[in-house]
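Asker: Structure for this input, please:
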Amino acid sequence: MESSLTEDTRLAIKRVFDAQKGNQLSIKLAPINDRKKKLKKLKTAIKASENEIFEALKKDLRKPVFESAVFEVLFIYAEIDFAIKNLSPWASQQTVSSNLLNLMTKCCITYEPKGVCLIIAPWNYPFQLLMSPLVSAIAAGNCCVLKPSELAPATSAVLTKLIQLIFKEDEIAVIEGDSCVSTELLSLPFNHIFFTGSTHVGKIVMEAASKHLSTVTLELGGKSPAIIDEDVDLKKAAEKITWGTFANAGQTCIAPDYVFVHEDQQEKFIDLMKSAIEKKYFNKEQLNKEDYGKIISGNHFKRLKNLFDDALSKAIYPTVLTNVSSDSLIMQEEVFGPVLPVVTYKNITEVINYINANNKPLALYIFSNSNKNVDNILKQTSSGGACINDVMIHISNPHLSFGGINTSGMGGSHGFHGFKAFSHERSVMYQSKLIDISKIIYPPYNGKGMILKLLRKLM
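Answerer: Residues are numbered from 1 along each chain as shown. Model prediction:
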């Protein structure tokens with residue numbers, strides 16, 4: 001799409017980028033303790049702005065305060081605390097072993113910041129999904145340009161105010177705007193781009209990055225299946241799946257997108273799902289909007305309407321669909337809304353074959369009491385991540401890498417994995433001042449037959 005930016009806006013973007021380019025070495029050379037201080041300052045500022053953040057999220061997505069606190073704000077506090085606690089060992093030089101040809105050398109890996117990074121955030125978790133990679137970028141010692149989603153304008157405004165309060169724009173800057181702004185930003189030679197969003201836009205980001213050979217982390221999505229084994233407690237499974245599917249009105253990249261249930265258990269499972277939905281989201285047969293968010297925009301509402309027109313009235317209620325054909329539109333596209341197709345199976349091989357015949361999902365959920373069955377499914381399928389006997393909570397462990405594979409994304413985030421995403425692993429070798437073994441492979445080669453035999457034997 002051709003950019004409709006004014007020349008002033010384009011120059012302003014370039015000015016911020018150039019300022020960060022000029023400042024990146026200073027940020028890189030600053031002590032590790034300075035990064036910790038910045039993270040602490042960020043946490044303090046977020047705490048002071050909590051009510052504004054909650055109000056913005058309510059305005060943009062009608063998020064309940066409890067949901068905003070747990071999914072958006074407390075999540076970031078945990079990320080910051082974990083980074084501060086572990087940053088010194090993460091950033092320390094890692095010594096590695098030497099082999100025969102570099103005997104007596106000292107070999108190590110150092111983590112250096114990539115430089116000037118771009119973070120493009122989506123609208124579904126507009127605070128968390130901008131702040132989480134920012135925490136990693138700061139921990140790694142980078143400068144950053146942040147692009148919040150224009151579809152969540154209230155949250156975008158709060159984020160801009162928050163960042164401007166803490167940082168100078170030659171280190172961390174927020175640039176608001178629509179897709180034209182994103183296009184302009186992607187035309188610049190950032191050292192790393194962190195994008196969260198759809199697979200379609202992810203391809204555009206990767207193509208733009210390739211022009212500058214910028215590295216990328218892509219957190220995308222896809223159709224994440226939930227598999228219910230025959231031996232599980234269906235009530236517990238229904239409770240967990242309804243929570244994961246309908247939190248944030250279904251607008252979660254790792255929400256269960258469809259469910260496999262054995263054909264003999266479908267009727268019972270549907271009844272349990274209905275009870276779980278009514279318990280969580282209805283009050284006297286009326287949708288409880290205090291605990292249930294809204295669809296972000298009219299365009300996304302229309303997209304969902306095309307997927308399940310039969311299930312709509314004036315609002316998109318939590319909906320479970322049965323007897324869904326595998327070639328229906330809702331089984332081809334990521335739902336990203338409060339509708340859950342339920343598909344039956346006769347044996348688990350059908351399930352594995354179906355998953356493997358489609359794009360690799362961001363998450364895979366297995367409900368089973370059989371370790372053998374779980375291992376069998378995990379070994380024969382592929383996904384960004386997996387969670388057994390629960391949904392979505394694997395994202396809460398900062399020791400686990402979060403990310404997709406192929407169409408569901410590339411690269412990891414959170415904790416050390418996020419720190420690595422924004423760092424270059426630089427290999428360094430210090431040659432010995434006493435003995436230089438590498439000279440044995442220098443020419444002339446005449447008379448070095450014994451050395452070659454020795455090398456063959458040792459390698």
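Asker: Lys43: what's its closest spatial neighbour, skipping adjacent residues?
Answerer: Ile80 (4.7 Å; Cβ to Cβ, 6 or more residues apart in numbering). (Each C-beta comes from the backbone N, C-alpha and C, glycine too.)
Asker: For that neighbour, grab the count of nearby residues.
Answerer: Neighbourhood size, Ile80 [other Cβ atoms under 10 Å]: 24.
Asker: Show me the helices in the stretch 151-300 of the chain, by range?
Answerer: Using DSSP state H, counting those that start in this stretch, the helices of the stretch 151-300 of the chain run over 153-166, 179-186, 199-210, 234-246, 266-281, 298-307.
Asker: Can you spell out which helices and strands pack onto the fourth one?
Answerer: So that's helix 234-246. strand 225-228, helix 266-281, strand 339-345, strand 363-367 (3 or more Cβ pairs under 8 Å, 6 or more residues apart in numbering; DSSP states H and E).
Asker: so what are the domain limits for the chain?
Answerer: The chain breaks down into these domains under automatic domain parsing: 7-220+412-424, 225-403.
Asker: between those, which gets nearest to Ser432?
Answerer: domain 7-220+412-424 (3.8 Å; Cβ to Cβ).
Asker: Return the distance of that closest one from the chain's centre.
Answerer: 12 Å (Cα atoms, centre = their mean, to the nearest Å).
Asker: and the end-to-end length of that domain?
Answerer: This stretch, domain 7-220+412-424, spans 34 Å end to end (Cα to Cα, to the nearest Å).
Asker: Stretch 118-133 now?
Answerer: Distance between the two ends of stretch 118-133: 10 Å, counting by Cα to Cα.
Asker: can you check stretch 363-379 too?
Answerer: 15 Å.
Asker: do the same with stretch 385-404
Answerer: Note: stretch 385-404 ends 7 Å apart using Cα to Cα.
Asker: what's the answer for stretch 358-374, then?
Answerer: Span of stretch 358-374 from end to end, Cα to Cα: 20 Å.
Asker: Show me what counts as buried in it.
Answerer: Asn359, Lys360, Pro361, Leu362, Ala363, Leu364, Tyr365, Ile366, Phe367, Ser368, Asn373, Val374 (16 or more other Cβ atoms under 10 Å).
Asker: contacting residues around whatever helix or strand the last one lives in?
Answerer: In this structure, Val374 sits in helix 371-380 according to DSSP states H and E. Counting by Cβ atoms under 8 Å, 6 or more residues apart in numbering, the neighbours of helix 371-380 from elsewhere in the structure are Ile227, Asp229, Ile348, Val351, Ile352, Asn356, Leu364, Ile366, Ser368, Ala386, Ile388.
Asker: now with 6 Å?
Answerer: With contacts defined as Cβ atoms under 6 Å, 6 or more residues apart in numbering, helix 371-380 is touched by Asp229, Ile352, Ile366, Ser368, Ile388.
Asker: Compute the inter-axis angle for it and strand 363-367.
Answerer: 160 degrees (axes from the mean of the first three to the mean of the last three Cα atoms, to 10 degrees).
Asker: Give the next helix or strand downstream of helix 371-380.
Answerer: Taking DSSP H and E, what comes next after helix 371-380 is strand 385-388.
Asker: Report all helices and strands that that following strand contacts.
Answerer: In terms of contacts (3 or more Cβ pairs under 6 Å, 6 or more residues apart in numbering; DSSP states H and E), strand 385-388 is packed against strand 363-367.
Asker: which residues of the stretch 301-450 of the chain fall in strands?
Answerer: Counting by DSSP state E, counting those that start in this stretch, one finds strands in the stretch 301-450 of the chain at the ranges 319-321, 339-345, 363-367, 385-388, 409-410, 423-430.
Asker: Quick check: which of these is buried the most?
Answerer: strand 363-367 (a mean of 27; mean count of other Cβ atoms under 10 Å).
Asker: avg pLDDT for it?
Answerer: Across strand 363-367, pLDDT averages out at 98.
Asker: before we move on, what about stretch 194-202?
Answerer: Per-residue scores along stretch 194-202 average to 95.
Asker: So what touches that stretch?
Answerer: By Cβ under 6 Å, 6+ apart, stretch 194-202 touches Ile119, Ile120, Ala121, Pro122, Leu129, Pro133, Val205, Thr217, Leu218, Glu219, Leu220, Thr407.
Asker: Show me which residues of that stretch are buried.
Answerer: Phe194, Phe195, Thr196, Gly197, Ser198, Thr199, Val201, Gly202.
Asker: do the same with stretch 29-38
Answerer: Residues of stretch 29-38 classed as buried by neighbour count (16+ other Cβ under 10 Å): Arg35, Lys36, Lys38.
Asker: ok and whichever helix or strand the last one is part of relative to helix 153-166, angle-wise?
Answerer: Using DSSP H and E, Lys38 sits within helix 32-48. Per the same axes, to 10 degrees, the angle that helix 32-48 makes with helix 153-166 is 140 degrees.
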